[in-house]
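Enquirer: Quick one, what's the 3D model for this:
(chains A and B)
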Number of protein chains: 2
Amino acid sequence: MKITAVIMAGGRGERFWPKSRVNYPKQFLSLTKDGETMIQKTVQRLLPMVEITDMYVVTNVNYTSLVQEQFPDLPAENILSEPCVRNTAPCIGLAASVIRKKYGEAIMLVLPSDHLIRYEEMYIDTLRQAVAVAEKGENLVTIGITPTYPETGYGYINFARDTDLGMPGVYSVERFVEKPDHDTAQRYLESHHYLWNSGMFVWKVSSIMANIQALMPDIYDGLVRIEEAVGTPDYDSVLWTEYQEFRSESIDFGVMEHAECIYTLPGSFGWDDVGNWLAIERINPTNEYGNYIEGDVITIGTERSTICGGKRLIAAVGVENLIVVDTNDAVLICDKDSTHDVKRVIENLKICNRSQLI
Amino acid sequence: MKITAVIMAGGRGERFWPKSRVNYPKQFLSLTKDGETMIQKTVQRLLPMVEITDMYVVTNVNYTSLVQEQFPDLPAENILSEPCVRNTAPCIGLAASVIRKKYGEAIMLVLPSDHLIRYEEMYIDTLRQAVAVAEKGENLVTIGITPTYPETGYGYINFARDTDLGMPGVYSVERFVEKPDHDTAQRYLESHHYLWNSGMFVWKVSSIMANIQALMPDIYDGLVRIEEAVGTPDYDSVLWTEYQEFRSESIDFGVMEHAECIYTLPGSFGWDDVGNWLAIERINPTNEYGNYIEGDVITIGTERSTICGGKRLIAAVGVENLIVVDTNDAVLICDKDSTHDVKRVIENLKICNRSQLI
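Expert: Here you go, the predicted model:
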């Protein structure tokens, strides 16, 4: 069966402020020293399995030109522009409409654009296994990540070890759960029956469409109207009208938490969601002092810090556990234990109507 | 007797990098919120006692135009330009030559240009007392500062309580001592017979000239040749030639440590040498979190920090005890306990020939 990929690239990446901006968010940035952007890495690592002409990038209309710039080889019609922000259910539904219209039936690999995968060959192997599961019946497959600590920032997947599939390493999903508090996360970790929800899904277009139709019929109706307009001169105006009407809904809540025949594969391919500035020292090599240094930086007596220089010299003297990010118009200086508060800077900027800095 | 002031403004202020630069050092910067520069404050606070036409600013030739800019009312001939760096003995000797030529005899108040005085009326009162002492015989007067902690970065003045002057509050100087180690400083502090050497001196021009002649005859000969040239077309070339020949010598080592008839007055006028970035929070009001904030700064969970913004936004999140200074081409991020290491940044820049940043 034809395998397509749907890369979701509409996020705003506020946790990477000030480098990430609403007009130039995280997925379009290079956060590793090789210079490749997050979304370029996402596409690159899929190439052994999916042809570029079968990849679809769903993004906000504001980022369409960024996608075009970063992927000169991607057909223009493979960039699906969301006229407004409506969360993942309409986003994935839009891609499903376009793919059903074009291919009739196909496998959809639905993938975030801003995660990092260390072991790309294992990643491909896991996706191939997932495809095998998705090809049967109306199975919906989600890739889970084996938790290593009680993270409270992710959703979790509760799985059961016995499945009727007869495929070792593929598990039935009992339920999806929201971000837990710390004690609950600790319990999940110790139970050995929970995986992190990575937001990666594999299914046939017919399977997801059947579920959307059953579980979100209002959205399904709009998707059908969009599908009918694909390839016609009316497409843009129909998309605009229908998309505005969609309610904002996540695929997790709208489909996964209520659907049947959900399976999960635990991925062990070195996944990192690159969720905030703390990720930089995980995904890049640090020096003998535990520092990650980029750009024109002088450190004196500085340890365990991430310093991303811009056009200016940054001199760090006697500091530790800091994140420093310099850009043309803003400098962030953040203790590593306070990265969750970077969003408060953005809230402050919003309140003060300083949108040029957001 | 005519009272003149000699303001020494040749320092390079490296400890205020990156705001202070070799071409724009500390004394020409405003480090308080009123916008006045350090040297402007120095001149302003003397005006109740000395007319502007009787003030002399001795500075490096590179800073002559900065002095002219900051003091449009100061007669051009009152700016004495050192052709090269030769420490305080030649600097003060040059001023003494010019003043002796112009006035014959006069009181010289010799003052650094980059210190802060909180109680300016008490300061004037102390200087007036010092003038009364200096007018007698060949007395050399130094203003001492009562130590409040065992500072190891200043020289100390060892004084004896009994003087033959019959002036209460004026003490004989036993000896000047170099910067002590911590234990010695602690001993000085507890002895109650040591003052900090503030580098402020008061004497008659005839007194200092007699001492220079006796203790540094080589320098004295050059000063006499300069004095003869003052007001003639040869002045610049004679100054250039003679000044280059001077050895580099401090007035403390060259004169004060060997002269007789030295007295000290303990100043209690809220002196601060503004020695490094730690001074900023001492000489400016801090907010309820103990922060001193200047410029476009957002703080979230930030305490006890000094943040001097430039043209960019600075966002400080979850940090404490930091000094942050932003300029167009360099940003300093320094733990307050490491301000002494700022000079290592400059050393690094020198080694790398990055003189534009020094």
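Enquirer: send the alpha carbons of the top strand by length along chain A over as PDB?
Expert: Across chain A, the strand with the greatest residue count (assigned by DSSP state E) is strand A:194-204. The C-alpha trace of strand A:194-204 is given here as PDB (Å, rounded to 0.1, in the frame of the first residue of the first chain):
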ATOM      1  CA  TYR A 194       2.500   3.300  30.500                       C
ATOM      2  CA  LEU A 195       4.300   4.900  27.600                       C
ATOM      3  CA  TRP A 196       4.800   8.600  26.700                       C
ATOM      4  CA  ASN A 197       2.500   9.800  24.000                       C
ATOM      5  CA  SER A 198       4.800  11.000  21.300                       C
ATOM      6  CA  GLY A 199       2.100  12.300  19.000                       C
ATOM      7  CA  MET A 200       3.200  10.000  16.200                       C
ATOM      8  CA  PHE A 201       0.400   8.000  14.500                       C
ATOM      9  CA  VAL A 202       0.100   5.400  11.700                       C
ATOM     10  CA  TRP A 203      -3.100   4.400  10.100                       C
ATOM     11  CA  LYS A 204      -4.900   4.000   6.800                       C
END
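Enquirer: Partner strands of that strand, with direction?
Expert: Paired neighbours of strand A:194-204 in the sheet (DSSP bridges): strand A:107-112 (antiparallel), strand A:140-145 (antiparallel), strand A:156-160 (antiparallel).
Enquirer: mean confidence score for it?
Expert: Mean per-residue pLDDT for strand A:194-204: 96.
Enquirer: Tell me the buried residues in that strand?
Expert: A:194, A:195, A:196, A:197, A:198, A:199, A:200, A:201, A:202, A:203, A:204 (16 or more other Cβ atoms under 10 Å in any protein chain shown). All C-beta atoms are positioned from the backbone trio N, CA, C, and that covers glycine.
Enquirer: Pipe the strands paired with strand A:194-204 into TSV and attach distance to residue A:93, mean pLDDT and mean neighbour count per row.
Expert: Converted to TSV, the strands paired with strand A:194-204 look like this (distance: least, Cβ to Cβ, whole Å; pLDDT from 0 to 100; neighbours: other Cβ atoms under 10 Å in any protein chain shown):
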stretch	distance to residue A:93	mean pLDDT	mean neighbour count
strand A:107-112	11	98	24
strand A:140-145	14	97	26
strand A:156-160	22	95	21
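Enquirer: So what's the gap between the longest strand of chain A and the chain middle?
Expert: Relative to the centre of its chain, strand A:194-204 is centred 11 Å away, using Cα atoms, centre = their mean, to the nearest Å.
Enquirer: Save the strands paired with strand A:194-204 as TSV, and put in distance to residue B:272 too.
Expert: Below are these laid out as TSV (distance: least, Cβ to Cβ, whole Å):
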stretch	distance to residue B:272
strand A:107-112	55
strand A:140-145	57
strand A:156-160	57
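Enquirer: hmm, back to that, after the longest strand of chain A, heading C-terminal, what element do we hit next?
Expert: Going down the chain from strand A:194-204, the next helix or strand is helix A:205-215, by DSSP states H and E.
Enquirer: Could you export that next one as CSV, CA atoms only?
Expert: Extracted C-alpha coordinates of helix A:205-215, given in CSV (Å, rounded to 0.1, in the frame of the first residue of the first chain):
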residue,chain,number,x,y,z
VAL,A,205,-6.7,7.0,5.5
SER,A,206,-9.9,5.0,5.5
SER,A,207,-9.4,4.0,9.1
ILE,A,208,-9.0,7.6,10.4
MET,A,209,-11.7,8.9,8.2
ALA,A,210,-14.1,6.2,9.5
ASN,A,211,-13.3,7.2,13.1
ILE,A,212,-13.6,10.9,12.4
GLN,A,213,-17.0,10.3,10.8
ALA,A,214,-18.1,8.3,13.8
LEU,A,215,-16.7,10.4,16.5
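Enquirer: now the angle from the following helix or strand past it to helix A:205-215?
Expert: Using DSSP H and E, the helix or strand that follows helix A:205-215 in sequence is helix A:217-229. Helix A:217-229 runs at 140 degrees relative to helix A:205-215, counting by axes from the mean of the first three to the mean of the last three Cα atoms, to 10 degrees.
Enquirer: tell me the mean pLDDT over the helix or strand following helix A:217-229?
Expert: With elements assigned by DSSP H and E, the helix or strand that comes after helix A:217-229 is helix A:235-245. In this model, helix A:235-245 has a mean pLDDT of 97.
Enquirer: Just the CA coordinates for helix A:235-245, please, in CSV.
Expert: This file holds the C-alpha atoms of helix A:235-245, laid out as CSV (Å, rounded to 0.1, in the frame of the first residue of the first chain):
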residue,chain,number,x,y,z
TYR,A,235,-10.3,24.8,-3.1
ASP,A,236,-8.9,27.8,-1.4
SER,A,237,-12.2,29.4,-0.7
VAL,A,238,-13.9,26.2,0.5
LEU,A,239,-10.9,25.4,2.7
TRP,A,240,-11.1,28.9,4.2
THR,A,241,-14.8,28.7,4.9
GLU,A,242,-14.8,25.1,6.3
TYR,A,243,-11.6,25.4,8.3
GLN,A,244,-12.9,28.5,10.1
GLU,A,245,-16.0,26.6,11.1
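Enquirer: In it, which residues are buried?
Expert: By 16+ other Cβ under 10 Å, the buried positions in helix A:235-245 come out as A:235, A:238, A:239, A:242, A:243.
Enquirer: ok, those residues vs chain B, which is closest?
Expert: Checking these against chain B with Cβ to the nearest Cβ, the nearest one is residue A:243 at 34.1 Å.
Enquirer: Surely the closest one is in contact with residue A:94?
Expert: Yes: using Cβ atoms under 8 Å as the test, residue A:243 is close enough to residue A:94 to be in contact (7.3 Å).
Enquirer: Pull up the overlap in contacts between the two.
Expert: Shared contacts of residue A:243 and residue A:94, defined by Cβ atoms under 8 Å, 6 or more residues apart in numbering or on different chains, comprise A:82, A:226.
Enquirer: from the buried residues of strand A:194-204, which single one is nearest residue A:72?
Expert: Top of the list for closeness to residue A:72, among the buried residues of strand A:194-204 and by Cβ to Cβ, is residue A:200 at 25.9 Å.
Enquirer: Contact partners for the residue in the stretch 151-300 of chain A that chain B sits nearest to?
Expert: For the stretch 151-300 of chain A, the residue closest to chain B is residue A:300, as judged by Cβ to the nearest Cβ, at 4.8 Å. Residue A:300 makes contact with A:315, A:316, A:317, A:318, B:338, B:341, B:344, B:345, B:348 under the criterion Cβ under 8 Å, 6+ apart.
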